[in-house]
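Visitor: A predicted structure for the sequence below; I have some questions about it.
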There are 2 protein chains.
Amino acid sequence: MYRSRNMSVLVDDFVRKFRVESEFNQFLRKLDNKANIFSTSNAKGIVDEYKNTRFMGTYSGKYEKAVAELIEASDLVLHIGKFEHELNCGAFTFNIPDENLIILSSQYIQIGDKFDESLTLMEVLPALIDRIETIKLSNANVYQAPAKYYQVSETARPRVSSLHQDDLIESLNKNLKEDDVLIVETCSFLFAVPDLTLRRSKLIIQSYWASIGYALPATLGASLALRDFNLPGKVVSIEGDGSAQMSLQELSSMLRYNIDATLIILNNSGYTIERVIMGPYSSYNDINANWQWCELLRTFGDTTKEKSESCKVTTPHELNKLLSDETFINNKKFKLLELVLPMFDIPPKLNAFVRN
Amino acid sequence: MYRSRNMSVLVDDFVRKFRVESEFNQFLRKLDNKANIFSTSNAKGIVDEYKNTRFMGTYSGKYEKAVAELIEASDLVLHIGKFEHELNCGAFTFNIPDENLIILSSQYIQIGDKFDESLTLMEVLPALIDRIETIKLSNANVYQAPAKYYQVSETARPRVSSLHQDDLIESLNKNLKEDDVLIVETCSFLFAVPDLTLRRSKLIIQSYWASIGYALPATLGASLALRDFNLPGKVVSIEGDGSAQMSLQELSSMLRYNIDATLIILNNSGYTIERVIMGPYSSYNDINANWQWCELLRTFGDTTKEKSESCKVTTPHELNKLLSDETFINNKKFKLLELVLPMFDIPPKLNAFVRN
């Protein structure tokens, strides 16, 4: 580390899973902004992407070239909390030569081509915090963080509808708060996660097993956990309409347990993620698309809207208005937002991932 | 068989599962009413209990003493299509001595204490039809079929509510037609099945695995099968409210596939069957009991009631009126009847089964 002239830190999900988040952030402070910081997709929320001026982006291998160029130009990458799986490492297109790589894993330490299985992330991170002399570190190249695709002018992204998934990205960027828990279903929007700009928050995604339908029960569980442990923040979940049909019953449980969370349903008439993968118009990707989403909670018993509020959203303005409305967000009810989206409106990374 | 003076036939479910129903009924005709006929619970519907004057009842071991006394007094019982499992043989209280027993199983033949695994039901039944000389059979004792518990005067069964599960038994007895498919969920009403009086029909119950929640998908599957194979009859399903919450999504599929069936929901505020087994007031047996059952199909998209009709039923009169209304039954729509029942209204056999 002392020899490096252009060091990067790549934070990964096992920092969270093995509960060394606070050690990791102590370590970052110790580096005193001398390294550039990158995150994998699963690890987002560990680093505050707004406050950390050296946060350069979400490393997604070949799927985000501008970010890849920066991290791959480092003479040293510390990959901390490595969790290697297809959707977390750009379909295995991370490209950092072994000689420039130090991996702090939950099971071993790798320096160049040398493995040491007697040590793990959990021992080494505190030792580093303890022993690093910040003064001896060189300041890595200073870059401008690459722009997100949706930050280019709107004219480059013609609208086919009054509301797009991009609008949801921008609204979440603006309105998610520190400590919020963001849950994203294994739906098309999962591929928008790398393009979010998050504060320090909990991100729950399921890209390892990639099982569809987990997000509604996860919303229930996370909300109960926040309440039981009296933790700050609120749960905001992004749910596909197809996925929601898999575990719909949990909507009813939200009423039973008086859950205070926000559920954003992407009403795009079926398994859009599967349509992109195979059979865009095949009946097996269709659903009964006539569900009256905003009536569901009433039908499940909240006839007086005492425990829930449901809103149909068709424009970015409506979406922002709701997500930024403190009275709405703090109404202690279960909030269901039905976003009406075009069937084939998908994050660019989903298309890239399937086509390449 | 020629030596017997008091022969009984006990028809069991593997007659249906191994597709020898028509052979079985040919065999019965060959017996020319000289034997008394009994059925197990799972096998109901194979014999027309109305037309067959020698049908004496559903053998449920010790749980239906009057029926047990008759069959156990036989000097020969032909147990045909044996399917031995707890809920199909009165919790293993069938009590017919080996020396009076011939079993035609799908895997073996047993006569007294002798097994022959080289022959099965499927070979022996046609051979019997072929070779039996009816004239040589003695006429078994002629009995009056024992009365069902609900046939005793109403005063012996005080009403606590305007509608009881007993009323459903009587209404099904009256209104189910030949060839109808009766599907009963693994709910409290499963224990009313032995007390039904059925015509020749298909009975689908799931008492072997006893998994809860299968009946909604089974309703979809059976209805599609009737349509695909152009078979007569209609599907009528009995579904608990707790069980329905397990596979609710299939209600939406009923609309998607234009299913013409009748679903009778027992709205009794939770897992009544489990309450009887353990924890009558425990929260794990509660559900969100505020569901607006009659609104569900509308919420799932049938806003114009073009594909479905939902009715709340609170009296036996309303129930009979609907189930006997040919216009209603033949309206080609999906018909949902919500029966409002007391929480602890259960078939007597459920209580007996759990307590003994």
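Guide: That came through, no problem. Quantities reported herein were computed from a predicted structural model and do not represent experimental measurements.
Visitor: just the helices in the stretch 201-350 of chain A please.
Guide: A:215-228, A:241-244, A:249-256, A:272-277, A:296-299, A:316-323, A:326-329, A:348-355 (DSSP state H, counting those that start in this stretch).
Visitor: and the ones you listed, which is most packed in?
Guide: Ranked by mean neighbour count, these are led by helix A:241-244 with a mean of 26 (mean count of other CB atoms under 10 Å in any protein chain shown). From N, CA and C alone the C-beta is placed, and that goes for glycine too.
Visitor: ok so, going back, and B:R131, which of the helices of the stretch 201-350 of chain A is closest to it?
Guide: The minimum distance between B:R131 and those falls on helix A:249-256, with 56.2 Å, by CB to CB.
Visitor: packing partners for that closest one?
Guide: Helices and strands touching helix A:249-256, by 3 or more CB pairs under 8 Å, 6 or more residues apart in numbering or on different chains; DSSP states H and E, are helix A:215-228, strand A:261-267, helix A:296-299, strand A:334-340.
Visitor: what about 7 Å?
Guide: In terms of contacts (3 or more CB pairs under 7 Å, 6 or more residues apart in numbering or on different chains; DSSP states H and E), helix A:249-256 is packed against helix A:215-228, helix A:296-299.
Visitor: For B:A244, find the nearest of those helices.
Guide: Smallest distance to B:A244 across the helices and strands packed on helix A:249-256 (CB to CB): 13.0 Å, for helix A:296-299.
Visitor: Give me the contact list for that closest one.
Guide: Outside helix A:296-299, the residues within contact range by CB atoms under 7 Å, 6 or more residues apart in numbering or on different chains are A:251, A:255, A:308, A:310, A:334, A:336, B:291-292, B:295-296, B:299.
Visitor: Identify, from these, the entry nearest to B:T219.
Guide: Nearest to B:T219 among the contacts of helix A:296-299, with distances taken as CB to CB, is B:L296, at 14.2 Å.
Visitor: ok, now how distant is the closest residue to A:I277 other than its chain neighbours from chain B?
Guide: For A:I277, ignoring the flanking residues on the chain, the nearest one in space by CB to CB, 6 or more residues apart in numbering or on different chains is A:V354 at 5.5 Å. For A:V354, the distance to chain B equals 26 Å [CB to the nearest CB, to the nearest Å].
Visitor: How about A:L101?
Guide: A:L101 is 47 Å from chain B, by CB to the nearest CB.
Visitor: so that residue sits right up against A:V77, yeah?
Guide: Yes - in terms of CB atoms under 7 Å, A:L101 counts as a neighbour of A:V77; the distance is 5.4 Å.
Visitor: if you count what's nearby, which of those two comes out ahead?
Guide: Per other CB atoms under 10 Å in any protein chain shown, whichever of A:L101 and A:V77 has more neighbours is A:V77, with 25 against 18.
Visitor: where's the more buried one, which helix or strand?
Guide: A:V77 is part of strand A:76-80, with elements assigned from DSSP states H and E.
Visitor: After that strand, heading C-terminal, what element do we hit next?
Guide: strand A:101-104.
Visitor: Can I get the helices and strands packed on helix A:249-256 in CSV including mean pLDDT?
Guide: Converted to CSV, the helices and strands packed on helix A:249-256 look like this (pLDDT from 0 to 100):
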stretch, mean pLDDT
helix A:215-228, 97
helix A:296-299, 97
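Visitor: and whichever residue of the stretch 1-150 of chain A sits closest to chain B, what does it touch?
Guide: Across the stretch 1-150 of chain A, no residue is closer to chain B than A:L87, which sits at 26.3 Å (CB to the nearest CB). Taking CB under 7 Å, 6+ apart, we find A:L87 in contact with A:41, A:207, A:210.
Visitor: Take those residues and lay them out in TSV including distance to chain B, pLDDT and neighbour count.
Guide: Shown next, in TSV, are the contacts of A:L87 (distance: CB to the nearest CB, whole Å; pLDDT from 0 to 100; neighbours: other CB atoms under 10 Å in any protein chain shown):
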residue	distance to chain B	pLDDT	neighbour count
A:S41	30	97	26
A:S207	24	90	18
A:A210	20	89	14
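Visitor: so A:S8, which of the three states?
Guide: Going by DSSP: H, G, I helix; E, B strand; the rest coil, the secondary structure assigned to A:S8 is strand.
Visitor: for chain A, which spans come out with low pLDDT?
Guide: A:153-156 (pLDDT under 70).
Visitor: can you list the residues of it near chain B?
Guide: Neighbours of chain B within chain A, by CB under 7 Å from any CB of the partner chain: A:245, A:248-249, A:252-253, A:255-256, A:288, A:290-292, A:295-296, A:299-301, A:303.
Visitor: Tell me the one of the contacts of A:L87 nearest B:L70?
Guide: A:A210 (59.3 Å).
Visitor: what's the nearest residue to the closest one if we skip its chain neighbours?
Guide: Using CB to CB, 6+ apart, the closest residue to A:A210 is A:T186 (5.1 Å).
Visitor: Isn't the one you found up against A:L216?
Guide: No - with contact defined as CB under 7 Å, A:T186 does not count as touching A:L216 (11.9 Å).
Visitor: returning to what we had before: can you list the contacts of helix A:296-299 in CSV and add distance to A:D195?
Guide: Output for the contacts of helix A:296-299, formatted as CSV (distance: CB to CB, whole Å):
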residue, distance to A:D195
A:L251, 28
A:L255, 33
A:S308, 30
A:S310, 27
A:F334, 27
A:L336, 24
B:W291, 39
B:Q292, 40
B:E295, 39
B:L296, 37
B:T299, 34
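Visitor: out of those residues, which one sits closest to B:P232?
Guide: Closest to B:P232, out of all of these and judged by CB to CB, is B:L296, at 28.8 Å.
Visitor: quick one, what contacts A:A192?
Guide: A:165, A:169, A:347.
Visitor: Map the structural domains onto the sequence of chain A.
Guide: A:7-136, A:165-355 (the TED database).
Visitor: so which of the ones you listed gets nearest B:E23?
Guide: Using CB to CB, those put domain A:165-355 closest to B:E23, at 39.5 Å.
Visitor: mind checking the end-to-end distance for that closest one?
Guide: 20 Å (CA to CA, to the nearest Å).
Visitor: now swap in stretch A:281-301 and tell me
Guide: Stretch A:281-301: ends 35 Å apart by CA to CA.
Visitor: what do you get for stretch A:55-72?
Guide: Using CA to CA, the distance between the terminal residues of stretch A:55-72 is 15 Å.
Visitor: List the buried residues of that stretch.
Guide: A:55-61, A:63-64, A:67-68, A:70-72 (16 or more other CB atoms under 10 Å in any protein chain shown).
Visitor: now stretch A:24-31
Guide: A:24-25, A:27-28, A:30-31.
Visitor: Give me the subset of those lying in helices.
Guide: Counting by DSSP state H, those place A:24-25, A:27-28, A:30-31 in helices.
Visitor: List the contacts of the most centrally placed residue in chain A.
Guide: Nearest residue to the geometric centre of chain A (CA atoms, centre = their mean): A:V193, 4.1 Å. The contact partners of A:V193, taken as CB under 7 Å, 6+ apart, are A:41, A:44, A:184, A:205.
Visitor: try A:K305
Guide: Here A:K305 is in contact with no residue (CB under 7 Å, 6+ apart).
Visitor: Phi, psi for it please.
Guide: With angles defined as degrees, to the nearest 10, A:K305 sits at phi 60, psi 30.
Visitor: same deal with A:R3?
Guide: Dihedral angles for A:R3 - degrees, to the nearest 10 - are phi -80, psi -20.
Visitor: Let me see the contact set for the residue nearest to A:D167 when sequence neighbours are not counted.
Guide: Leaving aside its sequence neighbours, A:D167 sits nearest to A:P316 (CB to CB, 6+ apart; 3.9 Å). Neighbouring residues of A:P316 by CB under 7 Å, 6+ apart: A:163, A:167, A:171.
Visitor: what does A:L248 give?
Guide: B:248-249.
Visitor: Same question for A:Q165.
Guide: A:Q165 neighbours (CB under 7 Å, 6+ apart): A:189, A:192, A:341, A:345-347.
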